[in-house]
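**Q** sequence first, predicted model second:
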Amino acid sequence: MTNVPQQNGSAPPTVTVGRLPDLPVCGGPATLIVEMFADPARGVLRGSVSVCTGDEAYVMAALADAAIPAEVHAVAGIARCGDGRDHLADARLTGPVITDGAGQPAGVRIARAAMAREITRRSYAIDGRPALPAPSEIRFPGRAVNDLVAIIGLDTIEQAQAWAAAIGAARGASVRDTVGRTGNPERVYCAWALWRGWSVMVTATEPGDGARVPAEPAPAPMPAGAVVR
């Protein structure tokens, strides 16, 4: 049982008789058990695997891609995420020995790694597509399993516009002038799009090319001895 990236639009896992698909598991404490069946009527138990709550959604999605009916049940006690039994192959399933990712759910880690890989691939001229500018940063601000949000930062607005056009975000793009932390004018470009099942923001910041944008006026200091009523 190994961790395998599950990408939107990717081919489902290959399933052969007597073998279950690889599932995204982490080896951490598991309080759920997933029962997998060999028939749509769920009359023949194909296998079972213990999973943690963080990886449950990703395991069920992998089984759905493989057209394997499954049910989730709570279990008494604590098992290890990935441990189970393949009944058709009469084999024991074993999750990772050590919880990797510093306790991060395997589903979160795998989803982020898959998106980072897809963004990186677009910086190469492959599949008949021109190369896009390499991002200066890729961030994932969400913390929960279902927070599929990615931020792609570029060096220039022109580079960000190229990315926005590629992922279908150009129509809703915005450019605004503001003042940076150093007090200098800045021009900020931002565009959002739903891409590969993720909410993706493309952004870039450049030095402002016009007059300084005035900041909010600071309140006048209170005169000494004044009484606040």
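**A** Looks like it came in fine.
**Q** so what does the top helix by length along the chain touch, helix or strand wise?
**A** In the chain, assigned by DSSP state H, the helix with the most residues is helix 106-121. Contact here means 3 or more Cβ pairs under 8 Å, 6 or more residues apart in numbering; DSSP states H and E; on that basis helix 106-121 packs against helix 56-65, strand 149-154. To be clear about C-beta, it is placed using only N, CA and C from the backbone, and glycine gets the same treatment.
**Q** can you name the element that comes right after it?
**A** strand 137-139 (DSSP states H and E).
**Q** quick revisit: now the longest helix of the chain: buried residues?
**A** For helix 106-121, burial by neighbour count (16 or more other Cβ atoms under 10 Å) applies to 106-112, 114-115, 118-119.
**Q** give me the beta-bridge partners of Leu86?
**A** Check again: residue 86 is Asp, not Leu. Asp86 has the following beta-bridge partners by DSSP bridges: Gly47, Ala91.
**Q** how many neighbouring residues does it have?
**A** Around Asp86 there are 18 other residues, counting by other Cβ atoms under 10 Å.
**Q** check it and give its pLDDT.
**A** Here, the pLDDT recorded for Asp86 equals 85.
**Q** shift numbering so it begins at 19
**A** Sure thing, new numbering starts at 19, so read that last one as Asp104.
**Q** surely it is in contact with Ile86?
**A** No - Asp104 lies out of contact with Ile86 (Cβ atoms under 8 Å); the separation is 11.7 Å.
**Q** which neighbours do these two share?
**A** 38, 64 (Cβ atoms under 8 Å, 6 or more residues apart in numbering).
**Q** Serialize the buried residues of helix 124-139 to CSV and add fields for distance to Met78 and pLDDT.
**A** As requested, these are exported to CSV (distance: Cβ to Cβ, whole Å; pLDDT from 0 to 100):
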residue, distance to Met78, pLDDT
Ala124, 13, 71
Gly125, 10, 73
Val126, 15, 79
Arg127, 17, 78
Ile128, 14, 77
Ala129, 14, 81
Arg130, 19, 86
Ala132, 17, 83
Met133, 20, 89
Glu136, 22, 88
Ile137, 26, 91
